[in-house]
Every structure is written in structure tokens, then in C-alpha cells.
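[1] Requesting a structural model of the entry that follows:
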Amino acid sequence: VVGAWADRLSNPLELLRPLVADEYPRVRLQAVVSCSYVLKSEAMEIAAVAADFPTDKFLTYALNQVVFALKPHWLPAFKTGQLNFDNKPGRLSLLVRADATADTLQAVRELLRSSRLDSASRETFLRILIDTGSPDDLATTLKLSDTALQARLLPALASAARVRKLRPAGDLALALRPLLESADARLRSEALKLAGVWKLESFRATAETLAFDVRSETAVRRAAIETLASFGGEASQRALSRLAGEAAPSVQSTAIAALAGFDAAAAAQKAADWFNRASIPSPSPLGGERAGVRGEAERFRAESTEVFSAFLQRQGGASALANALSAKPPPKNVAETGLALMNASGRRDEQLAGVLAKAAGLNRANSLMTPAEIAALSAEVRTQGDARRGAEIFQRAELGCVACHAVNGTGGTIGPDLSALGTAQPIDFIVGAILDPQKEIKEGYISTSLATKDGNDFQGYLVRESPEEIVLRDVLQNQEVRVRRDAIRERRQSGSVMPTGLADTLTRVEFRDLVRYLSELGRTKF
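    This next block holds a predicted model:
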């Protein structure tokens, strides 16, 4: 109605502004369509807010049509730098990707030459040219004098090579050499990785030397290991195998993760050995000299996550790791790290979960209940459940609840916000949703899985798609992943990323208390 009455309302855009950010995709869709009837540049600014949220093919189509319909109104404002997207790169990228005409790209180039452009907008515009521009546009990044900005942009050049099959114009080896000699370790690292993505074999010897050089910065050694993996081939595999067994613990995790892309079974054996040899005791709450132990524990937890992620993302990787850890079980804290990652990312492999649960000393007590059993447990929750103990269980890292769900502004954003769950759902529904997350999935939280021809698995929420690529917010990596359509072997809807079996590691009393806590969210503050 707002769209149809746009010429009769005094403030149609103010009415539409909150609706393009509504939690329901259908509302966002209608608000975007309505913006197309308001013939002002500001209407494009409002419609573009929808790009901050997950989209589907209908929303993508509507946004593209708004860009087309309102171009006579937004293009003049864009050329003079008057179009305001609140420094949100996704909104500006939407505009340029949807239009992708020569005049719009030329406007971006001209704005980059303007001294009035702030640093954040400059970086956004450079990223847009990397995503949509020509080889000459990409070459601009290799000539920047700002080393920090250049280091942030080089991964985008790597993505352009993988997804667009596009490289900068000119002699790439000549352009990269001074970056590899930079005093900035991050710039050197990103330039190394780029050499691998571009398959510049002239840098293979440099990468191998740096990977084995114990005097080099850890970040540079890790980058060199990734570069060897990108080069591929038997020489790289031999080097990675040595590094996975002999390197310092600070880079060994990266070598094991890289080796998993060549030989998952061999890498799994290295991982099992490393987990047991390099494990750090859980940190003590004491201060003083124990602070160093806490730091070591956090470092090892991050490195363990890197290793687990590599196997979970590789087709057949979880099975290979489960087989290796069955023969050589990991320490308890390592097993808990692996379980937390699987639960938080939705990549729960039952074989690996069973091995890790046993190593962590957890009892897999619960299973799917009959309706009568759910009713009985719900009654028990009301009469005997302890919400305060349930709040403590909710915080357990191995369950992954706080990594995915926010409560009162704290926690993750992967799954729905649970702050008002208790006011919206009865207890038996909450029990059923935990036991079988696929039964009822909230709108906007259906995930997509992509299996690629080179053996990788990605799972997450669809951000956008085009005839050339699909973009997911991958839950395991917690970042956007762009995948070429011709690289995809299989695409399927995976339902909720919340895995089944989360309650299997809880006793009945713990499960009861957790449900009591959830059932009171929105009613009681903890």
C-alpha cells in the first residue's frame, strides 16, 4: 500500500525504512518492491538496506529490479558522492553488481580519484572494482602505497582469481616481488598466498624456504605453508608431510590442515599424534604466572579448531579423523574443542562425535523421545527444573549454544535470537526442537550445502547468487564464501545448522534444567 500510495503520502520512505530490515524475508521483499515506486535517490538507499540480510532468489530479483528502475535517480547522486549507504560495503556492492554497466564502473573509478573520499569508502570502492572490474582495475591494488590497505585487499584478488578466473594486468611476478620484500609481515604473508593462488612457480622455492625457516615470523611461515598447498603436486605434498610431523607446534596445525587436502588419512594420523603431543592443560582461574598457561591454552584451542575445521570441510575428512582418533584418543580438552566446533557449525559427523564424546567422558544418554515421553519430561521440567543450573549448562562450550544463539544481546548470530523464547513457545515444543532441530525451522534459517568438485564442503546461509556464482555465509568459517557454479558437484538444502544429538551428552537432569532455563527466557532475567 505504501508503494501504491507513494505520491499521496508525505513520508513513504520513513514508513519503509524499518520494513526493509524486518526479520521476515517476505516483509523485506514487499518493502523493497515498494521502494521502486518512490522516484528519489533516497529510495535506493533505503532498498539497499535489505542487502544487510540473507537473500533468496525473489529478494535478489526485486533488488536488481529496483536498481534498474531507479537508476535515473540514483546515478547522478552516485557520481557526485551524495548516495549514502552508511559505509556498508554490501549495499554499495549490490548497486554495482546489479547494474554492472560501464557508466557505473566509471563513476567508481572517478570517485576513487577524488580527494574527498574517506578511507573506509576508498577501501569499499577498491573492493568493488576487484569484484566487478577489469584486469586493469585489479592491477591498481598492486600499486597502492598504503601497505595496510594493500594487505587487506590482497585476499580479494585471490578470490577474484578463484571465482572470476581474473588476474591483474601486467607481469604478476614482477608486481609481487616488492611486496614479498616488505617490512610489513601481514603484507608479505598475503603476497605469498597470492603467489600460490596464481600458481607462480617462480616463488615455490621461496615459499618452501620460508615454511621451514624457524627464524621467520609464525604468520609468514603459515602463509608459506598455504602457498605450498595452493601450488599442489607431489613436491608440495612431501613438504607438507614433513612439516606436519616435524614443524614447531605453532605452525604444525597449519601443515596438518593443508595436508588434509592431499591425503586425509595421512593427515589424520599426524593430527592424532599432534593432539596428544602438543596438548596444553586447561587453564587455571588463578592469576600471576598461570596467565601464561591460559594464553597457551587459548592458542592451542585455536590451532586445534584449525585442524578440526580442515577435516570437517573436506569430503571424507571427518571419517578419516574419526578412524585415527579411535586408535589414538585425544585428550579431554581437545575432544571438547572438536565437539564445540561441530555443534556450533552444524557439521556434526556422528562417527566423529561418538569418538570425541567418549574421549571427553560424556554419556550419550538421550535419544529421540515419543510424544508421551516428551510430555512426561515437560511435566518434570515444570516441577523440578532448575533454570539457574540450566543457564550454566547453556554456556558449556562443547554444546555450542552461545556460539550460535544470542540471549539478551550476548552470544552468536548464526541461529535465531532466543531472548524471548519462553514467551513464544511451550515447553514440549522446546524439548522437541532440541531433539529434532529439523522438524521446525524458523523462516530465514534454512541452510544450503555445496559440495565442490575439488573435494570441499561448504554449508551456510545463502547470501546471494548469480548465473556465475553462489555466495554463502559459511558457518564453519564464519565468513562469506564465493563458489563458481561450474565448480559445484552437488547443491542441496540442509535444513537447520543445529545438529541432532546435542542432548545426547546431557544427563536427564541436565537436559531438564536446560529446558527450564530456555522456557523462562523473556520471563525472567538471569
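[2] give me the low-pLDDT residue ranges for the stretch 351-500 of the chain?
    Within the stretch 351-500 of the chain, the segments meeting pLDDT under 70 span 363-368, 444.
[3] Please, where are all the helices along it?
    Applying DSSP state H, counting those that start in this stretch to the stretch 351-500 of the chain gives helices spanning 371-384, 387-394, 401-404, 421-424, 427-435.
[4] can I get these in TSV with mean neighbour count and distance to Phe308?
    All C-beta spots, glycine's among them, are computed from the backbone N, C-alpha and C. Conversion of the helices of the stretch 351-500 of the chain to TSV gives the following (neighbours: other Cβ atoms under 10 Å; distance: least, Cβ to Cβ, whole Å):
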stretch	mean neighbour count	distance to Phe308
helix 371-384	14	32
helix 387-394	18	22
helix 401-404	20	14
helix 421-424	16	29
helix 427-435	20	23
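[5] For Ala278, find the nearest of the ones you listed.
    Closest approach to Ala278 among those (Cβ to Cβ): helix 401-404, 23.6 Å.
[6] Dump the C-alpha coordinates for the closest one into CSV.
    Extracted C-alpha coordinates of helix 401-404, given in CSV (Å, rounded to 0.1, in the frame of the first residue of the first chain):
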residue,chain,number,x,y,z
CYS,A,401,24.7,-22.9,22.2
VAL,A,402,26.2,-19.5,22.9
ALA,A,403,28.3,-19.7,19.7
CYS,A,404,25.1,-19.8,17.6
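[7] thinking again about what came up before, redo the helices of the stretch 351-500 of the chain as a markdown table? Include distance to Ala503.
    As requested, these are arranged in a markdown table below (distance: least, Cβ to Cβ, whole Å):
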| stretch | distance to Ala503 |
| --- | --- |
| helix 371-384 | 10 |
| helix 387-394 | 10 |
| helix 401-404 | 11 |
| helix 421-424 | 16 |
| helix 427-435 | 5 |
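[8] The closest residue to Arg127 other than its chain neighbours: neighbour count?
    Ranked by Cβ to Cβ, 6 or more residues apart in numbering and with sequence neighbours excluded, the top spatial neighbour of Arg127 is Ala156, at 5.6 Å. When neighbours are defined as other Cβ atoms under 10 Å, Ala156 has 18 of them.
[9] Model confidence for Ala156, exactly?
    Here, the pLDDT recorded for Ala156 equals 95.
[10] How far away from the center of its chain is the helix or strand hosting it?
    Assigned by DSSP states H and E, Ala156 belongs to helix 147-159. Distance of helix 147-159 from its chain centroid, counting by Cα atoms, centre = their mean, to the nearest Å, is 18 Å.
[11] Ile374 and Leu179: what is the separation?
    60 Å (Cβ to Cβ, to the nearest Å).
[12] cool, Val220 as well?
    12 Å.
[13] what is in contact with these two at once?
    Taking Cβ atoms under 8 Å, 6 or more residues apart in numbering as the contact rule, the neighbours common to Val220 and Leu179 are Arg188.
[14] what about the residue nearest to Gly495 when sequence neighbours are not counted, how many neighbours?
    Distance criterion Cβ to Cβ, 6+ apart; nearest residue to Gly495, sequence neighbours excluded, is Gln438 at 4.4 Å. Close neighbours of Gln438, defined as other Cβ under 10 Å, add up to 13.
[15] is it true that Gln438 touches Thr500?
    Yes. Gln438 lies in contact with Thr500 (Cβ atoms under 8 Å); the separation is 7.3 Å.
[16] Report the contact partners of the closest residue to Gln479 other than its chain neighbours.
    Nearest non-adjacent residue to Gln479, counting by Cβ to Cβ, 6+ apart: Arg473, 7.4 Å away. Each residue near Arg473 by Cβ under 8 Å, 6+ apart is listed here: 54, 460-461, 463, 479-481.
[17] Pro499 versus the closest residue to Thr413 other than its chain neighbours, what's the distance?
    Of all residues not flanking Thr413 in the chain, Ala406 sits nearest, at 6.2 Å (Cβ to Cβ, 6+ apart). When distance is defined by Cβ to Cβ, Ala406 is 19 Å away from Pro499.
[18] If you count surrounding residues, which of these two has more?
    Pro499 (19 against 16).
[19] Report the spatially closest residue to the more buried one, excluding sequence-adjacent ones.
    Nearest-residue entry for Pro499: Arg348, 3.4 Å, with adjacent residues in sequence omitted and distances by Cβ to Cβ, 6+ apart.
[20] Return the residues in contact with the one you found.
    Taking Cβ under 8 Å, 6+ apart, one finds 342, 499-501 in contact with Arg348.
[21] Looking at neighbours, which among those is most surrounded?
    Met342 (25 neighbours).
[22] can you pull out the helices in the stretch 201-350 of the chain?
    Taking DSSP H, counting those that start in this stretch as the criterion, the stretch 201-350 of the chain carries its helices at 204-212, 218-231, 233-246, 249-259, 264-278, 290-312, 317-327, 332-345, 350-359.
[23] residues in contact with Ala424?
    Gly522.
[24] try Ala258
    Here Ala258 is in contact with 225-226, 228-229, 240, 244, 310 (Cβ under 8 Å, 6+ apart).
[25] distance of the residue nearest to it when sequence neighbours are not counted from Ser496?
    Excluding the flanking residues, the one nearest Ala258 by Cβ to Cβ, 6+ apart is Ala229, at 3.9 Å. Distance, Ala229 to Ser496, by Cβ to Cβ: 32 Å.
[26] Give me the more crowded residue out of those two.
    Between Ala229 and Ser496, Ala229 has the larger neighbour count (other Cβ under 10 Å), namely 23 against 20.
[27] Read off the pLDDT value for that one.
    Note for Ala229: predicted pLDDT of 96.
[28] ok so, going back, got a winner among the contacts of Arg473 for most neighbours?
    That'd be Gly460 among these, by other Cβ under 10 Å, with 26 neighbours.
[29] can I assume Thr60 sits in a helix?
    Yes. If the criterion is DSSP: H, G, I helix; E, B strand; the rest coil, then Thr60 is within a helix.
[30] Specify the beta-bridge partners of the nearest residue to it once chain neighbours are set aside.
    What sits nearest to Thr60 in space, not counting adjacent residues and going by Cβ to Cβ, 6+ apart, is Arg464, at 5.7 Å. On the basis of DSSP bridges, Arg464 is bridged to Val471.
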